[in-house]
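*Asks:* Coordinates for the following, if possible.
(one chain, ligands or ions: 2)
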Amino acid sequence: MASPKKKLQGLVAATITPMTEHGEINFSVIGQYVDYLVEEQGVKNIFVNGTTGEGLSLSVSERRQVAEAWVAKGRNKLDQVVIHVGALSLKDSQELAQHAAEIGADGIAVIAPFFLKPWNKDALINFLKEVAAAAPTLPFYYYHIPALTGVKIRAEELLDGIQDKIPTFQGLKFSDTDLLDFGQCVDQNRQQQFAFLFGVDEQLLSALVMGATGAVGSTYNYMGKKTNQMLEAFERKDFSSALNHQFCIQRFINFVLKLGFGVSQTKAIMTLVSGIPVGPPRPPLQKASREFIDDAKAKLKSLDFLSSTDLKDGNLEPCS
Ligand SMILES: CC(=O)N[C@H](C=O)[C@@H](O)[C@H](O)[C@H](O)CO
Ligand SMILES: CC(=O)C(=O)O
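*Replies:* Ligands and ions are numbered 1, 2, ... in the order given. Okay, the predicted model is just below:
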């Protein structure tokens with residue numbers, strides 16, 4: 001049984017996997033990255049090798065090394081390190097789950113296999129159960145991201161009775177905009193101590209209202225501080241201030257979504273905001289364009305997410 005350890009709460013940054021210009025993993029900046037999250041963004045949990053970390057574009061051996069590096073560098077600094085161990089091969093996934101336990105990670109998460117897909121709840125649960133069993137001491141999180149996996153089994157349905165099948169089940173990372181499904185996950189599992197982690201950063205406030213206990217996302221790498229202000233306002237029931245913070249975050253995300261926003265662009269933005277060179281993505285992804293970077297930079301400055309010595313006051317639209 002997983003130790004009913006401290007619940008995963010608050011913001012969880014979906015870490016980028018830093019790479020060199022030649023496409024190799026750049027382990028040398030991971031220590032600096034941990035410090036940046038903790039000290040500059042106030043983010044003390046990470047989610048490694050997920051979508052943002054290009055986990056599915058790494059070899060199993062690379063995934064092991066990346067997980068080891070984050071656990072090692074995060075020791076005594078981070079609260080929790082969750083490793084995403086989903087893969088198309090059950091064997092790979094089990095190997096990564098066992099490895100996560102061996103290195104002292106705090107939890108594992110798994111997406112639905114997305115090439116040969118599970119077509120119903122039982123098939124999916126069966127796969128997840130086999131992975132979870134490879135790390136019987138680690139909290140297990142299901143990572144629901146139907147737009148990317150194409151597996152559209154509703155989370156509410158999946159959660160029904162899940163602990164009977166997966167005793168280590170501890171929560172859900174919900175990366176979808178269906179707040180009916182998300183709300184019903186919360187409502188139908190109130191007696192459990194599950195973590196309900198929302199994964200659509202631009203809609204987090206709505207999910208908080210619906211009962212989210214935390215959030216996992218790519219933007220918490222560089223807008224964690226701002227999002228923490230929103231969480232604090234929500235906690236003290238200052239909803240108008242929470243909404244102002246959410247709108248501010250939305251203005252940025254809406255702007256980049258219109259330009260075309262994904263992992264490549266996230267890498268470019270992180271390098272820009274943090275000063276940590278996280279490098280380009282790995283094929284099939286391609287580097288963000290120079291034009292995107294220039295536009296994103298101007299927007300970040302105008303919203304005061306990036307220090308702006310060269311902006312005229314008239315161009316500032318900081319949000320309170
Ligand atoms: C598909 C994807 O990568 N989703 C991320 C996490 O689940 C989010 O953090 C988004 O990047 C973010 O909400 C911006 O749309
Ligand atoms: C955003 C997120 O949770 C991921 O990168 O997996």
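*Asks:* would Leu11 count as being in a helix?
*Replies:* No - the assignment for Leu11 is strand, going by DSSP: H, G, I helix; E, B strand; the rest coil, so no helix is present there.
*Asks:* Now do it, the pLDDT please.
*Replies:* The predicted structure scores Leu11 at 98 on the pLDDT scale.
*Asks:* show me the contacts for it.
*Replies:* Contacts for Leu11 were tallied using C-beta atoms under 8 Å, 6 or more residues apart in numbering; they are Gly42, Val43, Asn45, Gly214, Ala215, Gly217, Tyr220, Gly224, Thr227, Asn228, Leu231. C-betas here are computed from N, CA, C, even on glycine.
*Asks:* What residues does the stretch 51-200 of the chain have near ligand 1?
*Replies:* Thr51, Thr52, Ser175, Gly199, Val200 (C-beta under 6 Å from any ligand atom).
*Asks:* before we move on, what about the stretch 201-320 of the chain?
*Replies:* Counting by C-beta under 6 Å from any ligand atom, the residues of the stretch 201-320 of the chain close to ligand 1 are Asp201, Glu202, Gly217, Ser218, Thr219, Ile253.
*Asks:* helix, strand or coil for the residue nearest to Gly31 when sequence neighbours are not counted?
*Replies:* In space, Gly31 comes closest to Lys73 once its chain neighbours are excluded; the distance is 4.6 Å by C-beta to C-beta, 6 or more residues apart in numbering. Under three-state DSSP, Lys73 falls in the helix class.
*Asks:* Can you say which of the residues of the stretch 51-200 of the chain next to ligand 1 are also within reach of ligand 2?
*Replies:* Of the entries in those, the ones placed beside ligand 2 under the rule of C-beta under 6 Å from any ligand atom are Thr51, Thr52, Gly199.
*Asks:* my read: the second one touches Ile16, true?
*Replies:* Yes - with contact defined as C-beta atoms under 8 Å, Thr52 reaches Ile16; the gap is 5.7 Å.
*Asks:* Mutual contacts of those two, please.
*Replies:* Common contacts of Thr52 and Ile16 (C-beta under 8 Å, 6+ apart): Ser218, Asn221, Val263, Thr266.
*Asks:* Let's have those in JSON lines, adding secondary structure, neighbour count and distance to ligand 2.
*Replies:* JSON lines is the format used below for the shared contacts of Thr52 and Ile16 (DSSP: H, G, I helix; E, B strand; the rest coil; neighbours: other C-beta atoms under 10 Å; distance: C-beta to the nearest ligand atom, whole Å):
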{"residue": "Ser218", "secondary structure": "coil", "neighbour count": "27", "distance to ligand 2": "5"}
{"residue": "Asn221", "secondary structure": "helix", "neighbour count": "26", "distance to ligand 2": "10"}
{"residue": "Val263", "secondary structure": "helix", "neighbour count": "21", "distance to ligand 2": "8"}
{"residue": "Thr266", "secondary structure": "helix", "neighbour count": "23", "distance to ligand 2": "9"}
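*Asks:* And those, which two are furthest apart?
*Replies:* Pairwise distances among the shared contacts of Thr52 and Ile16 were taken by C-beta to C-beta; the largest, 11.5 Å, belongs to Asn221 and Val263.
*Asks:* any residues in contact with both of the two?
*Replies:* Counting by C-beta under 8 Å, 6+ apart, the residues touching both Asn221 and Val263 are Ile16, Thr52.
*Asks:* want to throw the ones next to ligand 2 among the residues of the stretch 51-200 of the chain next to ligand 1 into TSV with neighbour count and secondary structure?
*Replies:* Listed next are these as TSV, based on neighbours: other C-beta atoms under 10 Å; DSSP: H, G, I helix; E, B strand; the rest coil:
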residue	neighbour count	secondary structure
Thr51	22	coil
Thr52	25	coil
Gly199	27	coil
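*Asks:* In JSON lines, list the residues you listed along with distance to Glu21.
*Replies:* Shown next, in JSON lines, are these (distance: C-beta to C-beta, whole Å):
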{"residue": "Thr51", "distance to Glu21": "22"}
{"residue": "Thr52", "distance to Glu21": "20"}
{"residue": "Gly199", "distance to Glu21": "30"}
